[in-house]
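> Predicted coordinates and the sequence they were generated for:
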Amino acid sequence: MSQVLSKSPKHCAKQGLSIDKSYKKVFFAFSTFFTAVLALIFLIWLILHPAKPQFSLREADIYQLNLSGPHLLNSSIQLTLLSKNPNRRVGIYYDKLQAYAAYKGQQITVDTTLPPFYQGHEESNLLTASLEGTELPVAPSFGYEVRRDQVTGRIVLNLKVNGKLRWKVGTWVSGRYRFNVNCVSVMAFGPTTPTAPLSSNQGTQCSTDV
């Protein structure tokens, strides 16, 4: 004769309670571990807290800036920047660097790609780029603005670098962060100024956003 075993409702309730407690322990252990990892990452970030890179304008030379038609611009500018990593414990990978020049909010050269590079702790690097444009469309007021600057005796250009960077701490490398550099170059530009090149050797600090 087969034996039929039956469990009382009280026994089933105790078993269900035991399973719930096991799930809660696993969830609590996982939550504690995850919180500890986040706290460790945040603590390391606070200790290291990488400062954004510093850029300064070393030289800018305008070799060509003239209209080939009513609203078409030919331009040629040579740019030299100094890039510095101010961090003592954090290296920087620079990816997808592009430089261009702008005048009164108008881009006057095409984007020029700079080679990616790694910058060690407190290291400095010189970056050079030839910025050029051929028959770039510009606003109808471009020629008037340039002539007015020639009367005032100076011309102001914005030399910009956009790209992505990654922080390196030991063997750990972060994800990519977008950064933008803006350098303001003021050059003498008057009726008696030599036509080319117009030069700026200011060593001015550029603004950097990460």
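Received the coordinates, thanks. Residues are numbered from 1 along each chain as shown.
> Can you tell me the closest non-neighbouring residue to the spatially most central residue of the chain?
In the chain, the centroid-proximal residue (Cα atoms, centre = their mean) is Phe179; its distance is 1.3 Å. Leaving aside its sequence neighbours, Phe179 sits nearest to Val210 (Cβ to Cβ, 6 or more residues apart in numbering; 4.5 Å). Heads up, the C-betas are built off the backbone N, CA and C, glycines and all.
> Thought Lys52 was touching that neighbour, still the case?
Yes: shown here, Val210 and Lys52 form a contact pair, counting by Cβ atoms under 8 Å, at 4.5 Å.
> So for the two, which residues contact both of them?
Contact criterion Cβ atoms under 8 Å, 6 or more residues apart in numbering; residues shared by Val210 and Lys52: Phe179.
> picking that back up, tell me how far the residue nearest to the centre of the chain lies from Gln54.
The gap separating Phe179 from Gln54 is 12 Å, by Cβ to Cβ, to the nearest Å.
> can you tell me the helix or strand for the residue nearest to the centre of the chain?
strand 177-189 (DSSP states H and E).
> ok, residues contacting that strand?
Counting by Cβ under 8 Å, 6+ apart, 52-53, 55-57, 60, 62, 81, 149-150, 153-167, 198-200, 202, 204, 206-210 sit against strand 177-189.
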